[in-house]
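[1] Provided below are the primary sequence and the corresponding predicted coordinates.
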Amino acid sequence: MSRNEYLELMLKAKKVSESCVEMTEIVMPQDTNTLGTIFGGKVMQWMDIAAAICGFRHCRTAVVTASVDSLSFVTPIKIGDIVSIRASVNFTAKTSLEIGVRVDAEEPLTGKKKHASSAYLTFVSVDGNNRPIAAPPVLPESEIEKRRFQEGQKRREIRLQLRGKKS
Ligand SMILES: CC(C)(COP(=O)(O)OP(=O)(O)OC[C@H]1O[C@@H](n2cnc3c(N)ncnc32)[C@H](O)[C@@H]1OP(=O)(O)O)[C@@H](O)C(=O)NCCC(=O)NCCS
């Protein structure tokens, strides 16, 4: 990358706060299994949507989901629970970005909240022909954002190794 290309890219750099997303949902009967708890696939759909919105806000291009990893369901979410899905950019590479998503469930009558699910989604910024194009670099500011950036970089290296690519 030339110095001018680098400077041009840095001008487009975005803060984490410029793209973070918080979505709120309520668990309806059609979202649940016979135990009255939510389908894992429904949670995954909400996570993918929240992360996609975050990716759109960060890149201001079309973005596609390339991979999902470290998806965990920590505790069941019950029918009637209020669900918050939070997504923010952890790390950006050349055309891809890692978005961390956390899901919390809230009991509507008590307000008691519990961590329900988390995942890391990698999105790729694409042009009108669905070909990867440069994503704006993310600018981590707070200590938490800086830690997430460093951890995201390590996870990217592991992903590249698993796919047989060099970092
Ligand atoms: C994601 C996609 C655009 C990548 O295209 P590609 O031709 O493989 O591109 P490249 O090999 O040049 O990789 C481009 C970037 O994607 C990343 N990438 C590709 N496959 C990946 C995977 N499985 N997991 C994580 N990142 C991946 C690469 O690391 C690279 O990132 P970088 O530029 O930041 O270093 C392409 O595989 C695709 O269109 N997949 C289908 C996406 C889709 O339909 N998603 C569901 C609906 S949105």
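    Done, it's in.

[2] quick one, what contacts residue 16?
    Contacts for residue 16 (CB atoms under 8 Å, 6 or more residues apart in numbering) come out as 88-89, 138-142, 145. Just so you know, the C-beta spots here come from the backbone N, C-alpha and C atoms, and that holds for glycine as well.

[3] name the element residue 128 belongs to?
    Counting by DSSP states H and E, there is no helix or strand that carries residue 128.

[4] show me what contacts it?
    residue 62.

[5] Please tell me I have it right and residue 127 contacts residue 61.
    Yes - look at residue 127 against residue 61 with CB atoms under 8 Å: they come within range, at 6.9 Å.

[6] So which bits of the protein are right by the ligand?
    The chain comes close to the ligand at residues 64-67, 93-96, 122, 124, 126, 130, 132, 159, as judged by CB under 6 Å from any ligand atom.

[7] how about 5 Å then?
    Applying CB under 5 Å from any ligand atom, one finds that the chain approaches the ligand through 64-67, 93-96, 122, 124, 132.

[8] Now list the buried members of those residues.
    Restricting the residues of the chain next to the ligand to buried positions leaves 93, 95-96, 122, 124, with burial counted as 16 or more other CB atoms under 10 Å.

[9] mind listing which of these are in strands?
    Members of those lying in strands (criterion: DSSP state E): 96, 122, 124.

[10] Widest-spaced pair of the buried ones among the residues of the chain next to the ligand?
    Greatest spatial distance among those (CB to CB): 95 and 122, at 10.4 Å.

[11] which residue ranges form the strands in the protein?
    In the chain, the strands defined using DSSP E lie at 14-15, 21-26, 62-73, 82-92, 96-106, 113-126, 138-139.

[12] and the fourth one, what's its mean pLDDT?
    For strand 82-92, the mean per-residue pLDDT is 98.

[13] swap in the fifth one?
    With pLDDT averaged residue by residue, strand 96-106 scores 98.

[14] Please apply the same query to the last one.
    pLDDT averaged over strand 138-139 equals 97, rounded to a whole number.

[15] Just the residues contacting it, thanks.
    13-16, 58, 89-92, 97, 149.

[16] Grab the two from these that are most spread out in space.
    Pairwise distances among the contacts of strand 138-139 were taken by CB to CB; the largest, 14.9 Å, belongs to 13 and 90.

[17] The two: which has the busier surroundings?
    Legend: neighbour count by other CB atoms under 10 Å for residue 13 and residue 90, higher for residue 90 (25 against 12).

[18] which residues does the residue nearest the centre of the chain bridge with?
    Residue closest to the mean C-alpha point of the chain, counted by CA atoms, centre = their mean, is residue 99 at 2.9 Å. Note on residue 99: beta-bridge partners by DSSP bridges are residue 89, residue 121.
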